[in-house]
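Peer 1: I would like the atomic coordinates for the input below:
(2 chains)
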Amino acid sequence: MEENLKIVEGAERSLNFMEEIIEDYIAKGGKDIQTRFPPEPNGYLHIGHAKSICLNFGLAAKYGGKCNLRFDDTNPVKEDVEYVDSIKEDIKWLGFDWALERYASDYFEQLYEWAVELIKKGKAYVDDQTQEEIRATRGTVTQPGTDSPWRGRSVEENLDLFARMRAGEFPDGARVLRAKIDMAHSNMFFRDPIMYRIIHAHHHRTGDAWCIYPMYDYAHGQSDSIERITHSFCTLEFDVHRPLYDWFIGELDIFPSHQYEFARLNLTYTMMSKRKLLQLVQQKVVAGWDDPRMPTITALRRRGYTPASLRAFAERVGVAKRDNVIDLGLLEFSVREDLNKTAQRRMVVTNPIKVVITNFEEGRTEMIKCVNNPEDEGAGMREVPLTREIYIERDDFMEDPPKKYYRLSPGGEVRLRYAYLVKCGEVIKNASGEIVELHCTYDPESSGGGSSDGRKVKGVIHWVSVPTAVEAEARLYSTLFDRENPDDVEEGKTFLDYLNPESLVVQTVYMEPALADAAVGEKFQFERIGYFCKDKDSLPGKPVFNRTVTLKDSWAKMQK
RNA sequence: UGAGCUAUGGUGUAAUGGUAACACUGCAGAUUCUGGAUCUGCCUUUCUAGGUUCGAAUCCUGGUAGCUCAACCA
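Peer 2: Model (predicted):
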C-alpha cells in the first residue's frame, strides 16, 4: 500500500500553481510555511473537502511546514459539536494530523479589541438600520449604494454603543458594527461590510459569554494572522473577499497572511452543496449523512473507499483555477487501483442457478485451495469446499449463446474457478419453461489448470457450494442521480426530480463460508463481480455487504 | 448591462517564448484459471480576431463564452 501510494504521490510531475507560490515564497527568503484547514462545523465533510484537506496538509508536509485545523465557528445558530467530532474523525481517517486544533471562537476577545481599535481609528461605526434598510442601501452590482444615516457617529458614541451591544443591552438585529469603507465601491464587499451582529444564542464552545458574533470576513483573515498562516488557501468564490481580507490586516497592521484561491472540486452524478446534501438527509431521500450514495467522506468510508484511494484521487484531479467537473470514473478508478492490490478475493454468487455435478459423489466434500490475492503473495491461500451441488451465476449460463460467449451452454465446458472443468449435459426446466437446474459432469483430471487430454477452455466461472453457502444481503449502489450534472435544473424542476430510482438494489447473495466471519469495514473483491465492504448494519448470521464499485466489465460493454 | 476570475482532446492536468504531453475515458490487440489485473498500440487538444517575435498555448490588444459577487451564512 505504501508502494502504491508512492506511485501516485511521488510520481514526477511539474509543480501546481500552489506549489509555485510556496516555492516562490521560499526563494524570496520566506520560511515557516503554515497552512490551515478551516471548516465551519455545520455539516459533514464531503469529497470536495477531501481535496482541500489533501492540499493544505499535503503542502505543509511537502515544504516542512505545519497545518492547523481551525473551526470557523462564528455563527452559533448553525454549528454543533456533532460536526466538529465528525470532521476530526474524517481528517484523521484520511491520514492527516493537525499541528494545532483551534477555533475562531478562541479569538473572540482579541477580535473585539481590534474592533474597538478600528472604531477609534474612525474605520468602523455602529449602524442602527434594519436588515432590510441595509440591504436596500447597499446598491446593486451595477449601482452604487448610499451612506447610512448613522455613518457619521462620533467615535465616543460608537465606542459606547459597541460596548453596550456586547453587554447585551440590545435585541438581535437592533444594531450592527460596520467597517467604514466606501458605499460606492465596485466590490460589494467594500460597501461598509458588517463586522459584528447581535445573536443571543448559545455557542457550542463559548456558551453564553457572547451575544455579538463576528462575521466571516472580519474573523477569517485575523484568525489566519494570529496563527501566522503564511498561505491561506480557499476556493474561488472567495476571491472577491481577498481585498477585504487584506484591508483588515492592513488597517490593524498585524501579521500579513495571504489568501490564494483554487477551483473547488465538482464530480459528475452528484453535488457538493451542503444545503442540498442536508436536504437529501432531512427528506430521507438517503438514510443519513453516511448513506453510501452520498459524496460525504463518512459515506465513502462506509461504502468501502480507502484513505489511500481518496488521496490518490486528490492528487490526480490536480489543482488549478478553472471550473471543473471530474468524471466519476476517475474516483472509481482510484479505488479499484488500490483495492485490486489490497483486497482479498472471495467467491459469491449473486443471482444463483443450481448445478448438480452428476459424477461427483454424493456426500463428498473436497477442499479446494484458492489464492487470496494474486496481486499480493503475502495474502496466502484459503480452502473452499466443493460439493456435488453448487450455485453458479444465472448470467453464466445461456441456452442459446451468442458468438464469443465463453461461459456455460448446453454441451459447453468451462472451468470452475480454482477447481475442475465442468461440461453441461442436461438443462432442467419447470412447468413454465424456466431453467431451474443444470446437470453437469466434471473432469477429475482437470485440477491445477490442466485437463485429462490437454484441452483448454476459455471460460472460468465462480461458484459456491450449496450446503455450505452463507446467505447475505448485498447492497448494490449506483449513482444517486440519473444524470451527470443534477445541479443543472430545467425550468420548473429541482435536483430531486433527477434521482436515480435504481441507486440502491438490495439482493440476497450466497457466499463461500470464509466470508461468514468478516469484520465490519473489511473489504473484499467478490471475484468477477466487484469490490464489497462489510456494513455496520450486519447482524449475527446475517451479514450485509456494500458494493463499493463494480469490476471493469468488458463483456457487459460488448453486449451493448 | 459594474467589478473580479477563468478559457488546452470526451474529462482533468502539464508544457513558464523553442517538437503540445500525462492520467482517466473510449477503441484495437497481446496475455491470463477473474471477459479482472498486466502489457502494447490507436483516436481526440491550444475559444476567436489581430499584434509583438526568427519563433506564441504562453506576451499585448479587442472580441466571445463560462463562473463569482447585491445573507446581520461561511
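Peer 1: Identify the residues contacting whichever residue of the stretch 401-550 of chain A sits closest to RNA strand B.
Peer 2: Going by C-beta to the nearest atom of the strand, RNA strand B is nearest to A:Gly449 of the stretch 401-550 of chain A, at 3.3 Å. Yep, even glycine has a C-beta here, placed from its N, CA and C like the rest. Under the criterion of C-beta atoms under 8 Å, 6 or more residues apart in numbering, A:Gly449 has no neighbours.
Peer 1: residue contacts, the closest residue to A:Pro144 other than its chain neighbours?
Peer 2: Closest residue to A:Pro144 apart from its sequence neighbours, by C-beta to C-beta, 6 or more residues apart in numbering: A:Ala184 at 3.6 Å. Residues near A:Ala184 by C-beta under 8 Å, 6+ apart: A:Gly139, A:Pro144, A:Gly145, A:Arg191.
Peer 1: Quick one: name whatever helix or strand follows the worst-scoring helix or strand of chain A on mean pLDDT.
Peer 2: None of the helices or strands of chain A scores lower by mean pLDDT, DSSP states H and E than helix A:2-9, at a mean of 35. Next along the chain after helix A:2-9, taking DSSP states H and E as the criterion, comes helix A:17-27.
Peer 1: helices or strands up against that next one?
Peer 2: helix A:47-62, strand A:231-235, strand A:258-262 (3 or more C-beta pairs under 8 Å, 6 or more residues apart in numbering; DSSP states H and E).
Peer 1: which bits of the stretch 101-250 of chain A sit near RNA strand B?
Peer 2: By C-beta under 7 Å from any atom of the strand, the residues of the stretch 101-250 of chain A that approach RNA strand B are A:129-131, A:134-135, A:138-142, A:172-173, A:175-176, A:186-189, A:194, A:197-199, A:213-216, A:220, A:236-241.
Peer 1: please redo it, this time with the cut-off set to 6 Å
Peer 2: A:130-131, A:134-135, A:138, A:140-142, A:173, A:176, A:186-188, A:194, A:197-198, A:215-216, A:236-237, A:239-240 (C-beta under 6 Å from any atom of the strand).
Peer 1: If you go by neighbour count, which of those are buried?
Peer 2: A:Ile134, A:Arg138, A:Val176, A:Ile194, A:Arg197, A:Ile198, A:Met215 (16 or more other C-beta atoms under 10 Å).
Peer 1: Which one (most neighbours) among the contacts of A:Ala184?
Peer 2: A:Arg191 (22 neighbours; other C-beta atoms under 10 Å).
Peer 1: Tell me if I'm right that it and A:Arg138 touch.
Peer 2: Yes: with contact defined as C-beta atoms under 8 Å, A:Arg191 reaches A:Arg138; the gap is 5.3 Å.
Peer 1: can you tell me which of the residues of the stretch 101-250 of chain A next to RNA strand B are in strands?
Peer 2: With strands defined by DSSP state E, the entries of these inside them are A:Val176, A:Ile194, A:Arg197, A:Ile198.
Peer 1: can I get the residues you listed in a markdown table with pLDDT and distance to A:Ala299?
Peer 2: Shown next, in a markdown table, are these (pLDDT from 0 to 100; distance: C-beta to C-beta, whole Å):
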| residue | pLDDT | distance to A:Ala299 |
| --- | --- | --- |
| A:Val176 | 98 | 38 |
| A:Ile194 | 98 | 35 |
| A:Arg197 | 98 | 34 |
| A:Ile198 | 98 | 37 |
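Peer 1: How about A:Pro513: what's its closest non-neighbour residue?
Peer 2: A:Thr468 (5.0 Å).
Peer 1: can you tell me the helix or strand for A:Asn68?
Peer 2: strand A:66-71.
Peer 1: Show me what that strand is in contact with.
Peer 2: Here strand A:66-71 makes contact (C-beta under 8 Å, 6+ apart) with A:33-41, A:56-57, A:59-61, A:79, A:84, A:87-88, A:91, A:96, A:98-105, A:223, A:227, A:229.
Peer 1: and it, anywhere near RNA strand B?
Peer 2: No: shown here: strand A:66-71 not in contact with RNA strand B (C-beta under 6 Å from any atom of the strand), separated by at least 8.5 Å.
Peer 1: contacting residues for A:Leu386?
Peer 2: Counting by C-beta under 8 Å, 6+ apart, A:Leu386 has contacts A:Phe360, A:Thr365, A:Glu366, A:Met367, A:Ile368, A:Leu416, A:Ala419, A:Tyr420, A:Trp463, A:Ser465.
Peer 1: And A:Gln110, by the same measure?
Peer 2: A:Gln222, A:Ile226.
Peer 1: where in the stretch 101-250 of chain A is pLDDT low?
Peer 2: Judged by pLDDT under 70, the stretch 101-250 of chain A has no weakly predicted residues.
Peer 1: Most widely separated two among the contacts of A:Ala184?
Peer 2: Farthest pair in the contacts of A:Ala184 (C-beta to C-beta) is A:Pro144 and A:Arg191. Separation: 8.1 Å.
Peer 1: Next, the buried residues of stretch A:193-207.
Peer 2: So for stretch A:193-207, counting by 16+ other C-beta under 10 Å, buried means A:Pro193, A:Ile194, A:Met195, A:Tyr196, A:Arg197, A:Ile198, A:Ile199, A:His203, A:His204, A:Arg205, A:Thr206.
Peer 1: now swap in stretch A:250-259 and tell me
Peer 2: A:Glu251, A:Leu252, A:Ile254, A:Ser257, A:His258, A:Gln259.
Peer 1: Please apply the same query to stretch A:320-331.
Peer 2: So for stretch A:320-331, counting by 16+ other C-beta under 10 Å, buried means A:Ile326, A:Leu328, A:Leu331.
Peer 1: pLDDT of it, averaged?
Peer 2: Averaging pLDDT along stretch A:320-331 yields 97.
Peer 1: ok, now stretch A:22-41?
Peer 2: On average, stretch A:22-41 scores 96.
Peer 1: Export that stretch to CSV, keeping only CA atoms.
Peer 2: In CSV, the C-alpha atoms belonging to stretch A:22-41 read as follows (Å, rounded to 0.1, in the frame of the first residue of the first chain):
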residue,chain,number,x,y,z
ILE,A,22,5.2,28.5,-2.0
GLU,A,23,8.5,27.9,-3.8
ASP,A,24,8.5,31.5,-4.8
TYR,A,25,7.9,32.5,-1.2
ILE,A,26,10.8,30.3,-0.1
ALA,A,27,13.0,31.6,-2.8
LYS,A,28,12.4,35.1,-1.5
GLY,A,29,13.6,34.1,1.9
GLY,A,30,10.2,33.1,3.4
LYS,A,31,10.1,30.3,5.9
ASP,A,32,7.9,28.6,8.5
ILE,A,33,5.2,27.6,6.0
GLN,A,34,1.9,27.5,7.8
THR,A,35,-1.4,26.4,6.3
ARG,A,36,-4.8,25.6,7.8
PHE,A,37,-7.9,23.7,7.1
PRO,A,38,-10.8,25.9,8.2
PRO,A,39,-14.2,24.1,8.2
GLU,A,40,-17.4,25.5,9.7
PRO,A,41,-18.7,22.8,12.0
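Peer 1: do it and RNA strand B meet?
Peer 2: Yes: on the criterion C-beta under 6 Å from any atom of the strand, stretch A:22-41 is in touch with RNA strand B at A:Glu40.
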